[in-house]
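1. Show me how the following folds:
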Amino acid sequence: MSIRVGILGATGAVGQRLVQLLDPHPDFEIAALTASEASAGRSYRAAAKWGLDFPIPDSVAEMTVRATDADEIPDDVPLLFSSLPSSVGEAVEPGLAEAGYVVSSNSSNARMDPDVPLVIPEVNADHLDLLEVQRDERGWDGALLKNPNCSTITMVPTLAALDQFGLERVHVSTLQAVSGAGYSGVTSMEILDNAIPHIGGEEEKMEDESRKLLGGFDGAELDLHGMDVSASCNRIATLDGHLENVWADTAQDVTTESAAEAMADYPSADLPSSPAPLIHTFEDPERPQPRLDRMLGDGMAVSAGGFRETPEGVQYNCLSHNTLRGAAGASILNGELLAREGYL
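-> This is a model prediction of the structure:
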């Protein structure tokens, strides 16, 4: 029997990706779509400025968009996928969790709160049990779960594979696609024939979220990973796919062969949206590339290549599709984990 789900912020770029991925999902059925007051009361077809390269699914095209409010969402929709702007998410997500809804959110607010799990199911599924602490401390019947930033989620699975060698320091420089800024985030006049060497708040997200994701959880409290992380985040004129150059310093010696093998062997999760393999590795030093490799694993895989030994560890490049693996797909993976672990 399908679980009825809602999409918060359904008309935006990530909301549309959620519609794309959920319409054919084996376990979930779209039952509610919400957006701003300006869109509420209109059909989804009329409210959404559709930007994907296939038609709006018939199952949702004529669905009436609701306001993003607990009073507007049916009681029989236990799981909500949130793609709200962080300022809106901060205002409404706690109230929805208090009202009994379980919210799997892509929004950046509350990711570093000590009682909010930040989860990549293939990396730290055990952190989901932090929801028990959250419910006890906040008195919520529902729950709030976060997936990380799109740049963080590209790098962290590769770091999880290397952690067996004792991660000490990580330096990363990103080449991030324009879709990560949303439909109106970067104008063509800004990005064409150009690169923008700063994305507000992005470096801090990568540095902090990576340590939380790879941290330890004892059932009551979460400790951040002890590695140092430094990030430089850059916007380039790629449509989709974040490419990242990573330098990982390790306590133990690591060769290019052992690093690539650790990533290639890193397990996926037993969930519908988790690809196998999770990490594709390339011997070709010119791969991965956004245009060629962002859709590996239906856009849910991470790819890595360009392995090179350094005096302190290993350098490599990694890539994932930022609005599939990095946003909408990440929230859905977390929803699948919530369903499997009995939190709905």
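
2. What are the neighbouring residues in contact with H127?
-> H127 makes contact with 117-119, 213, 217, 222, according to CB atoms under 8 Å, 6 or more residues apart in numbering. Yep, even glycine has a C-beta here, placed from its N, CA and C like the rest.

3. That one falls within a strand, correct?
-> No. Counting by DSSP: H, G, I helix; E, B strand; the rest coil, H127 falls outside a strand, being helix.

4. Using the record's assignment, carve this structure into domains.
-> 3-149+327-340, 150-321 (automatic domain parsing).

5. Would you reformat these as CSV and include mean pLDDT?
-> Formatted as CSV, the domains of the chain follow (pLDDT from 0 to 100):
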stretch, mean pLDDT
domain 3-149+327-340, 96
domain 150-321, 97
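
6. A161 is in what secondary structure piece?
-> Under the criterion of DSSP states H and E, A161 resides in helix 150-162.

7. what's the neighbour count on I73?
-> By other CB atoms under 10 Å, 21 other residues sit near I73.

8. got it, and E62?
-> Counted with other CB under 10 Å, E62 comes out at 11.

9. for it, what are its contacts?
-> By CB under 8 Å, 6+ apart, the contact set of E62 is 43-45.

10. any idea which of those is closest to A32?
-> A32 has its nearest neighbour among the contacts of E62 in Y44, at 10.8 Å by CB to CB.

11. Am I right that that closest one is in contact with L33?
-> Yes. Y44 lies in contact with L33 (CB atoms under 8 Å); the separation is 5.6 Å.

12. overlap in contacts of these two?
-> Common neighbours of Y44 and L33 (criterion: CB under 8 Å, 6+ apart): 10-11, 19, 60, 63-65.

13. Which of those residues are buried, as a ChimeraX select command?
-> This is the ChimeraX syntax for the buried subset of those, where burial follows 16 or more other CB atoms under 10 Å:
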select :10,11,19,60,63,65
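
14. where does A31 fall, phi/psi-wise?
-> phi -120, psi -10 (degrees, to the nearest 10).

15. for the spatially closest residue to it that is not a sequence neighbour, what are its contacts?
-> With sequence-adjacent residues excluded and distances taken as CB to CB, 6 or more residues apart in numbering, A31 is closest to R4, at 3.9 Å. Residues near R4 by CB under 8 Å, 6+ apart: 28-29, 31-32, 74, 76-79.

16. Narrow those to just the buried residues.
-> Judged by 16+ other CB under 10 Å, buried ones among the contacts of R4: 28, 31-32, 77-79.

17. Can you pick out the most distant pair from these?
-> F28 and A32 (11.9 Å).

18. Which residues are in contact with each of the two?
-> What both F28 and A32 touch, as defined by CB under 8 Å, 6+ apart, is the set 4-5.

19. Give me the secondary structure label for R4.
-> strand.

20. neighbouring contacts of stretch 219-234?
-> 114, 127, 129-130, 133, 151, 163, 167-176, 195-199, 202-203, 206-207, 210-217.

21. Got a ChimeraX select line for the buried ones in those residues?
-> The following ChimeraX line selects those of these that are buried, judged by 16+ other CB under 10 Å:
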select :127,130,133,151,163,167,170,172,173,174,175,176,196,199,202,203,206,207,210,211,212,213,214,215,217
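
22. In helices, which of the contacts of stretch 219-234 fall?
-> 130, 133, 151, 202-203, 206-207, 210-213 (DSSP state H).

23. a markdown table for those residues, including distance to G226?
-> Formatted as a markdown table, the ones in helices among the contacts of stretch 219-234 follow (distance: CB to CB, whole Å):
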| residue | distance to G226 |
| --- | --- |
| L130 | 19 |
| V133 | 22 |
| S151 | 21 |
| E202 | 23 |
| E203 | 19 |
| M206 | 17 |
| E207 | 13 |
| S210 | 12 |
| R211 | 8 |
| K212 | 12 |
| L213 | 13 |
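
24. Please, which helix or strand holds the nearest residue to M206 once chain neighbours are set aside?
-> With CB to CB, 6+ apart as the criterion, M206 has its nearest non-adjacent residue at 4.0 Å, and that residue is A231. Using DSSP H and E, A231 sits in strand 228-235.

25. Tabulate the CA atom coordinates of the helix or strand just after that strand in PDB.
-> Going down the chain from strand 228-235, the next helix or strand is strand 242-250, by DSSP H and E. These are the backbone C-alpha positions of strand 242-250, laid out as PDB (Å, rounded to 0.1, in the frame of the first residue of the first chain):
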ATOM      1  CA  HIS A 242      28.500  19.800  -9.200                       C
ATOM      2  CA  LEU A 243      32.200  18.900  -9.900                       C
ATOM      3  CA  GLU A 244      34.500  19.100  -7.000                       C
ATOM      4  CA  ASN A 245      38.300  18.900  -6.600                       C
ATOM      5  CA  VAL A 246      39.200  17.200  -3.200                       C
ATOM      6  CA  TRP A 247      42.400  16.900  -1.300                       C
ATOM      7  CA  ALA A 248      42.100  14.400   1.500                       C
ATOM      8  CA  ASP A 249      45.000  14.100   4.100                       C
ATOM      9  CA  THR A 250      45.000  10.800   6.000                       C
END
